[in-house]
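Trainee: Model the following, please.
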Amino acid sequence: MFENMNESEARAKILSQVAEYCERYHARKPYREGDRLPYASRVYGAEEMTNLVSSALDFWLTAGRYSDEFERGLAQYIGVPFCSLVNSGSSANLLAFAALTSPLLGERAVGRGDEVITVAAGFPTTVAPVIQYGAVPVFVDVTIPQYNIDPSALENALSERTKAVMVAHTLGNPFDIAAVKKFCDTHNLWLIEDNCDALGSEYTLGGKTARTGSFGDIATSSFYPPHHMTMGEGGAVYTRDPLLHRIVRSMRDWGRDCVCPPGRDNACGHRFDGQYGELPRGYDHKYVYSHFGYNLKATDMQAAVGCAQLARLDGFTEARRRNFEQLAEKLAPLADRLILPEAAPGSRPSWFGFPMTCREGIDRERVVRRIERDGVQTRMLFAGNLIKHPCFDGMRASASGYRVCGGLENTDRIMRDTFWVGVYPGLDGGAVDYMARTITKAVREES
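Mentor: You can find the predicted model right below:
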């Protein structure tokens, strides 16, 4: 097959055949009524598959040229200088919070017993790192129909131990960044943006429009298949702060002090001439550890897929907005039965889903069962109320486990009455129209 070919020619032949294979066997089929409509799915083409095979042919496997390209591209897209690719969005949240515990941050470092303001109406891995590092989550309520943190609750949640606010942009809808950022700036608190469900969302602050993930001290993304773009598994941590970036890289890469790229020895020229801790002078800097870290890197094959997906991201975002608007228009007549979602003022969301809350007299369980029966996949708003879950059973007996500030009435209502459907870019107008008809039928049968 490769006779009389050099390596470059052989690679080109393989990748051409891979592209043909993808177009023949992986082409997305047009929607036909009766097809099951998932809440999310990967959308990809020949570029992703040829990048994946190209990376495999390199056989570098761990982070390499595609990882570097992806980190540069995502940082530019978000509008920040620093980005670190990791193996999942949950790892990104872990790493973002862990970075704030570094002793390099001095008095601003988050320590055991320090408090972090967050919400219970969300995904558990936004909160899990706070607990795992011995800090105390302080839960406040959210608003409906934005489904984000209620900024009016922040001042009452503040204590002398508060060090940070860590919250997500729910289903792509930005939280009130102006209010939350002002609160954090006033009280010298860290702001962690969980941007895992909001890649591509925009917010206008002080007359300037920027993408979510660029407003906080540190932010995260997830590239799990249902998200705005995918590399199978994967995530990222990004920041404007060079010190936080250095800490993130250290903790991501085993906690080491050395910043030389993997596979390159002594790029800094000072591998054997430093003094670190109580180690012998000149101890190999590649094996000096300034943090208790992890190995949270992604593979270059994942990054190769991510590079192709990143090139599609603007198109994905527009498709999500288009599908959301179509669904909102079709469901508007149900506003007396369902609370329909609203974008945060000053925002332009890249919607992850279309959330709805059943009004009084509408039973969510029966509505959802009918919608699912007719082939439209639904989801709850993640945990609903996280502190009601079994993982919190043992913490309720501990006075220092967590704190609730004020009531969580909206959070509890979301737990009881809210569900959502997808608006991912693989849905065409016919599919969205069917979703709208299915939801309308289910709700009207209930009422």
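Trainee: Beyond the host helix or strand of residue 138, next helix or strand please.
Mentor: Assigned by DSSP states H and E, residue 138 belongs to strand 136-140. Per DSSP H and E, the first helix or strand lying C-terminal to strand 136-140 is helix 154-157.
Trainee: Now do that following helix, average pLDDT.
Mentor: Here helix 154-157 scores 98 as its mean pLDDT.
Trainee: helix or strand right after that helix?
Mentor: Note on helix 154-157: by DSSP H and E, the next helix or strand toward the C-terminus is strand 162-168.
Trainee: Parallel or antiparallel, which strands does that next one pair with?
Mentor: Take DSSP bridges as the rule and strand 162-168 pairs in its sheet with strand 115-119 (parallel), strand 190-194 (parallel).
Trainee: Please convert the ones you listed to CSV, extending it with distance to residue 72.
Mentor: In short, each C-beta sits where N, CA and C put it, glycine included. Formatted as CSV, these follow (distance: least, CB to CB, whole Å):
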stretch, distance to residue 72
strand 115-119, 31
strand 190-194, 20
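Trainee: Show me what the helix or strand harbouring residue 247 is packed up against.
Mentor: Secondary structure assigned from DSSP H and E places residue 247 in helix 242-252. Helices and strands touching helix 242-252, by 3 or more CB pairs under 8 Å, 6 or more residues apart in numbering; DSSP states H and E, are strand 82-86, helix 89-99, strand 235-239.
Trainee: just checking, what packs against the strand holding residue 138?
Mentor: Partner elements for strand 136-140 (3+ CB pairs under 8 Å, 6+ apart): strand 115-119, helix 128-132, helix 154-157, strand 403-404.
Trainee: Output the third one as CSV, nothing but the C-alphas.
Mentor: By that I understand helix 154-157. C-alpha atoms of helix 154-157 as CSV (Å, rounded to 0.1, in the frame of the first residue of the first chain):
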residue,chain,number,x,y,z
LEU,A,154,-24.5,37.6,49.0
GLU,A,155,-24.0,40.2,51.8
ASN,A,156,-25.9,38.1,54.3
ALA,A,157,-23.8,35.1,53.4
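Trainee: Just the mean pLDDT for the strand holding residue 138, thanks.
Mentor: For strand 136-140, the mean confidence score works out to 97.
Trainee: for stretch 52-66, same thing?
Mentor: pLDDT averaged over stretch 52-66 gives 95.
Trainee: Then stretch 186-196?
Mentor: The average of the pLDDT scores along stretch 186-196 is 98.
Trainee: Can you get me the start-to-end distance on that stretch?
Mentor: With CA to CA, to the nearest Å applied, stretch 186-196 spans 26 Å between its terminal residues.
Trainee: Residues touching it, excluding its own?
Mentor: Residues from elsewhere that reach stretch 186-196 (CB atoms under 8 Å, 6 or more residues apart in numbering): 89, 92-93, 96-97, 100, 108, 110, 122-123, 126, 158, 162-169, 180-181, 183-184, 201, 212-213, 215-222, 227, 235.
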